[in-house]
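Engineer: I would like the atomic coordinates for the input below:
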Amino acid sequence: MQLRIKTLTSNNYMAKARHWLYLWPIMFVIFMATMPNAMAIEPAEQLADKQLEQRAREISSALRCMVCQNQTIDDSNADIAKTLRVVVRERLVAGDNNDQVIQYIVGKYGHFVLMKPPFYTGTYILWFSPLILAVFGIWLLWRYYRRPRLDDNLTDDELQRAQQKLKEIA
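Structural biologist: Numbers count the residues shown, from 1 in each chain. Okay, the predicted model is just below:
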């Protein structure tokens, strides 16, 4: 009597693994399609006036969360973002226009709080650094490919001189 042991590399196991391999992309698409919109605004923060709420959303989408740094204050759950959303809505209710609200926030936190910082002398390095780095990279590549190359086809005499110089150094 012979004992058969199923291994992990058996055809049955591989068939099941292939079956799951095809299901993962389908499950991922279903998950992404059913995922709710990820806005961090809480219902208590929303204004009753729809026009003011729309203006608040426009302003909030132009302001950066200082903690998350790559999210707007609308998308962030950080405490500072919640505070800024409340301040924006308070200023709008007080009668400020959009520019006044943004200038108030910029006055407190600086131009860094804007998702699209303005072009002025203080931000030249921010605006020109990608261009400077690209030009520097192209210059390095140009220098690398322009340098003289050693010929791989050395004569016997040149090869003996090179070996002799290496022996002298070592």
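
Engineer: end to end, how far does stretch 141-161 reach?
Structural biologist: 32 Å (Cα to Cα, to the nearest Å).

Engineer: please compute how far it lies from its chain's middle.
Structural biologist: Remark: stretch 141-161 is offset 42 Å from the chain centroid, using Cα atoms, centre = their mean, to the nearest Å.

Engineer: for that stretch, list every residue counted as buried.
Structural biologist: The neighbour-count check on stretch 141-161 (16 or more other Cβ atoms under 10 Å) flags nothing as buried. C-beta coordinates here come from the backbone N, C-alpha and C atoms, glycine included.

Engineer: now for the helix or strand where residue 164 lies, which elements pack on it?
Structural biologist: Using DSSP states H and E, residue 164 maps to helix 156-169. Applying 3 or more Cβ pairs under 8 Å, 6 or more residues apart in numbering; DSSP states H and E, one finds that helix 156-169 contacts no other helix or strand.

Engineer: where's that helix relative to the chain centroid, distance-wise?
Structural biologist: Distance, stretch centre to chain centre, for helix 156-169: 53 Å (Cα atoms, centre = their mean).

Engineer: and that helix, what's its mean pLDDT?
Structural biologist: The predicted model gives helix 156-169 an average pLDDT of 88.

Engineer: good, we can wrap up now.
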